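A.B. asks: Structure, please.
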Amino acid sequence: MWILYLLSLLLFPGFIFLIFVALFYEWIDRKLYARFQNRVGPWVTGPSGILQPLADFIKLLSKEDITPEGADKPLFRSVPVFALAITLTCSLFLPITGVRGLVSFEGDLIVAITLMTILSITIFYAGLSSPSRFSIVGAERTMLQLLSYEIPLMLSIAGVAVSTGSLSIAGAVVAQKTRWLIMGPNILGFVIFLLAAQAELERIPFDIPEAETEIVAGWLTEFSGRKLALLRLTEDVELFYLSGLAATLFLGGPLGPVIPGLEWLLHPIYFLVKSFIVLFLLSMLKSLFARLRIDEAVSFLWKYVVPLSVLQFLLVRVVV
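C.D. replies: Down below sits the predicted model:
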């Protein structure tokens, strides 16, 4: 029993699977983003460029790893490993192969979201650990965005918890056996979740903490080599996690028509297809808008998204 669990934790749907599927999601995201802009995207490395994210990761691992003078060395060196560990742990909550993820318990929904908040705080400290002014400005922008999108994100998920009567991810999945939560008042929560996820991922129009035309690479500026490789991989795993979480909470996750005896195959397929739909929407948002200024982003989130999320939560309370 424990041996099977450890193998699942390591292989499928565990860490190795999560790393490779995250790199695959990066490839899909880059291809979609390119198509939306009438470009080709990755093309050379592997069939249709499918191995390009892996090649980029290996290339960064082989680069010189520099710790700048004046940096808080213990913090600067530990942040990439800690950030990747958080995103991989969060992904273990996703119900890829069935109703329950590898880690599942009552209240796991709160834990999973709390870990993502800790990840944003970790990124903030990553910027502060560097002596670069660009890193510090990027870290400050990360924290400003966190304070703005965290409330809508929490309220959109709270709407799911109220609708299902459960604080567990498995409970949210079971409650959608007859109807997905997006087919009701939670459709507004789904839209809010997408906007908050885009801000969490620091993607256009909320890529302000990494604005290359203003602050080089923001909080990432001084990271290189293995550290940068781990941080880029963290972003990919986070993209997979948030796409999968949206698919789980609003689109029924791994649920769908099943053939007896083939549940082990169909559940992962349903989960991945639904998360692809979310990824498509996130890529579309990325291509439709230009980067906001930090004051514009904060103003937009507080003036429109926060009140809308409160309205959505109250609407769910009334309907339920």
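A.B. asks: pLDDT of whatever helix or strand Leu75 lives in, averaged?
C.D. replies: Secondary structure assigned from DSSP states H and E places Leu75 in helix 73-91. In this model, helix 73-91 has an average pLDDT of 91.
A.B. asks: Touching, Val173 and Pro254? I think so.
C.D. replies: Yes. If you go by Cβ atoms under 8 Å, Val173 and Pro254 touch, sitting 7.1 Å apart. Placement of C-beta: from N, CA and C, glycine included.
A.B. asks: between the two, what contacts are shared?
C.D. replies: When contacts are counted by Cβ atoms under 8 Å, 6 or more residues apart in numbering, Val173 and Pro254 are jointly contacted by 95, 99, 248.
A.B. asks: pLDDT-wise, what's the bottom of those residues?
C.D. replies: Val99 (90).
A.B. asks: tell me the contacts of Ile267?
C.D. replies: In this structure residue 267 is His, not Ile. Taking Cβ under 8 Å, 6+ apart, one finds 96-98, 254-256, 258 in contact with His267.
A.B. asks: got it, and Thr122?
C.D. replies: Applying Cβ under 8 Å, 6+ apart, the residues contacting Thr122 are 79, 82-83, 86.
A.B. asks: hmm, 10 Å instead?
C.D. replies: Residues counted as contacts of Thr122 (Cβ atoms under 10 Å, 6 or more residues apart in numbering) are 75, 78-80, 82-83, 85-86, 142, 234.
A.B. asks: Widest-spaced pair of those?
C.D. replies: Ala85 and Thr142 (18.8 Å; Cβ to Cβ).
A.B. asks: Neighbour count for the two, which is higher?
C.D. replies: Thr142 (24 against 15; other Cβ atoms under 10 Å).
A.B. asks: Apart from its chain neighbours, what residue comes closest to that one?
C.D. replies: Spatial nearest neighbour of Thr142, chain neighbours left out: Pro209 (4.3 Å); criterion: Cβ to Cβ, 6 or more residues apart in numbering.
A.B. asks: For Leu301, see how far away that neighbour is.
C.D. replies: For Pro209, the distance to Leu301 (Cβ to Cβ, to the nearest Å) stands at 14 Å.
A.B. asks: and those two? which has more neighbours close in?
C.D. replies: Higher neighbour count among Pro209 and Leu301: Pro209, with 28 against 24, using other Cβ under 10 Å.
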